[in-house]
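Chemist: I'll drop the sequence and a predicted model, then ask my questions.
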Amino acid sequence: MRKFNDINYLPLRAKGSTFDSKVGTMDWVLFVLMFIYGLIIIYPFYNAFLISISPAEVYNTTPFLLYPKGVTWDNYAAVFKDSEFMGGLKITLILLFAGTAYQMFFTVITGYALSRNRWVGKNFVMNMILVTMFFGGGLIPYVVLINKLNLANTLAVLIIPGAIDTYNMLLMRNYFASLPPDLEESAKIDGANDLQIFYKVYLPMSLPMLATIGLFFAVGNWNSWYNAMLFIKDPELRPLQYVLQLKITQASSQVDNLIIDDKFSKEGLKMASVFFTIVPMMCFYPFLQKFFVKGLVVGAIKG
């Protein structure tokens, strides 16, 4: 029987067999299909960017652009001069750093506690947390609760209700549970208490998972607008995404207030506003992508 690595078999493949040519053709077909699919996905972003840097007369004559014509950065300059956008950016940055740290703290310590097996009532607490993934109290009780707690129209209403995300907490719990229990036993032999074990042993080993849920929370806080829509009346407390929503959707166009002369277009200002809100996350994500993929996979292995 001829073996796969038989020397007589190699020349046939080197010359190019029918099988090899079929594989090569299929690779090219898949490459072309994926390239077209990628263009379909990327072009709306590309066209939106071109609109944001195009003068009004260019957009009015050619709404679907293939390359920039008469590039101008006036739309972005107008957005940066808008006090509402700058105020929204300040609130969003507070949510991004303070809110993410707050959520990380409670999510991580809860996940760690539920990964330990030495306390009574753990299963009951775990089941009560899981219930919240399937059943909610509803919008009206939520609004009543926030008003009763006097959190409405305060910055706290954008941070406090999101203390623990159940999905991220389960990822964190599964990750802690997947680590070898011998680490804890060795640390106890060396005289470490529970807090020292958590802080000095488990946390340093959990950087991929911490980066994963940290990215989830950071993106969620950057895109936060729903609680602001429900409870924020003060314009100075509106986060960036809520400001963007108002400028794009409201009639009487708050975007019109930005228009200085004929070189501006509503669509150009809208697209510049959109890119102003999404570019920071687009720049931030690639640095954590490898941690994100690794942490998500490992955290989902053991439950």
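Modeler: Happy to help now that I have it. Just so it is clear, the model here is predicted, and its values are computed rather than measured. Numbers count the residues shown, from 1 in each chain.
Chemist: does the residue nearest the centre of the chain count as helix, strand or coil?
Modeler: For the chain, the residue sitting closest to the mean C-alpha position, by Cα atoms, centre = their mean, is residue 219 at 3.3 Å. Classification of residue 219 using DSSP: H, G, I helix; E, B strand; the rest coil returns helix.
Chemist: OK, contacts around the closest residue to residue 48 other than its chain neighbours?
Modeler: Nearest non-adjacent residue to residue 48, counting by Cβ to Cβ, 6 or more residues apart in numbering: residue 271, 4.5 Å away. Bear in mind the C-beta positions are built from the backbone N, C-alpha and C, glycine included. Residue 271 makes contacts with 48, 49, 51, 52, 75, as judged by Cβ atoms under 8 Å, 6 or more residues apart in numbering.
Chemist: contacting residues for the first one?
Modeler: Translated: residue 48. By Cβ under 8 Å, 6+ apart, residue 48 lies in contact with 271, 274, 275.
Chemist: hang on, the earlier thing: and which of the contacts of residue 271 is nearest residue 59?
Modeler: Minimum distance to residue 59 across those is 5.7 Å, recorded for residue 51 (Cβ to Cβ).
Chemist: Hmm, residue 269 and the closest one touching each other?
Modeler: No - the pair residue 51 / residue 269 is not scored as a contact, 9.7 Å apart, by Cβ atoms under 8 Å.
Chemist: Okay, buried residues for stretch 57-69 please.
Modeler: If you call a residue buried by 16 or more other Cβ atoms under 10 Å, then stretch 57-69 has these buried ones: 58, 59, 65.
Chemist: again with stretch 86-106
Modeler: 87-89, 91-92, 94-96, 99-100, 102-104.
Chemist: Do a quick rundown of the strands in the stretch 51-200 of the chain.
Modeler: With DSSP state E, counting those that start in this stretch as the definition, the stretch 51-200 of the chain shows no strands.
Chemist: where in it is pLDDT low?
Modeler: Where the stretch 51-200 of the chain drops to pLDDT under 70, the residues are 63.
Chemist: list the buried ones in the helix or strand containing residue 48?
Modeler: Element membership for residue 48 (DSSP states H and E) is helix 18-52. For helix 18-52, the buried set under the neighbour-count rule, 16+ other Cβ under 10 Å, comprises 48, 49, 50, 51, 52.
Chemist: got it, and stretch 142-157?
Modeler: Of the residues in stretch 142-157, those buried under the neighbour-count criterion (16+ other Cβ under 10 Å) are 146, 151, 152, 154, 155, 157.
Chemist: From residue 40, how far out is the first one?
Modeler: When Cβ to Cβ, to the nearest Å is the yardstick, residue 146 and residue 40 sit 42 Å from each other.
Chemist: do the same with the fourth one
Modeler: Computed with Cβ to Cβ, the distance linking residue 154 and residue 40 is 44 Å.
Chemist: Same question for the second one.
Modeler: Going from residue 151 to residue 40 by Cβ to Cβ gives 43 Å.
Chemist: same question, the last one
Modeler: Taking Cβ to Cβ as the measure, residue 157 falls 40 Å from residue 40.
Chemist: Over to residue 233?
Modeler: From residue 233 across to residue 40, the span is 41 Å (Cβ to Cβ).
Chemist: Ok, residue 278 next?
Modeler: Going from residue 278 to residue 40 by Cβ to Cβ gives 19 Å.
Chemist: What of residue 143?
Modeler: Distance of residue 143 to residue 40, computed by Cβ to Cβ: 41 Å.
Chemist: now do residue 138
Modeler: Separation of residue 138 from residue 40 (Cβ to Cβ) stands at 39 Å.
Chemist: re earlier: the buried residues of stretch 142-157 in helices, which ones?
Modeler: Among these, the ones falling in helices (DSSP state H) are residue 146.
Chemist: Farthest-apart pair in the buried residues of stretch 142-157, please.
Modeler: Taking Cβ to Cβ, no two of the buried residues of stretch 142-157 sit farther apart than 146 and 155, at 13.1 Å.
Chemist: show me what contacts the closest residue to the residue nearest to the centre of the chain other than its chain neighbours?
Modeler: With Cβ to Cβ, 6+ apart as the criterion, residue 219 has its nearest non-adjacent residue at 6.1 Å, and that residue is residue 281. Applying Cβ under 8 Å, 6+ apart to residue 281 gives the contacts 218, 219, 222.
Chemist: Quick check: pLDDT value at the last one.
Modeler: With respect to pLDDT, residue 222 has a value of 89.
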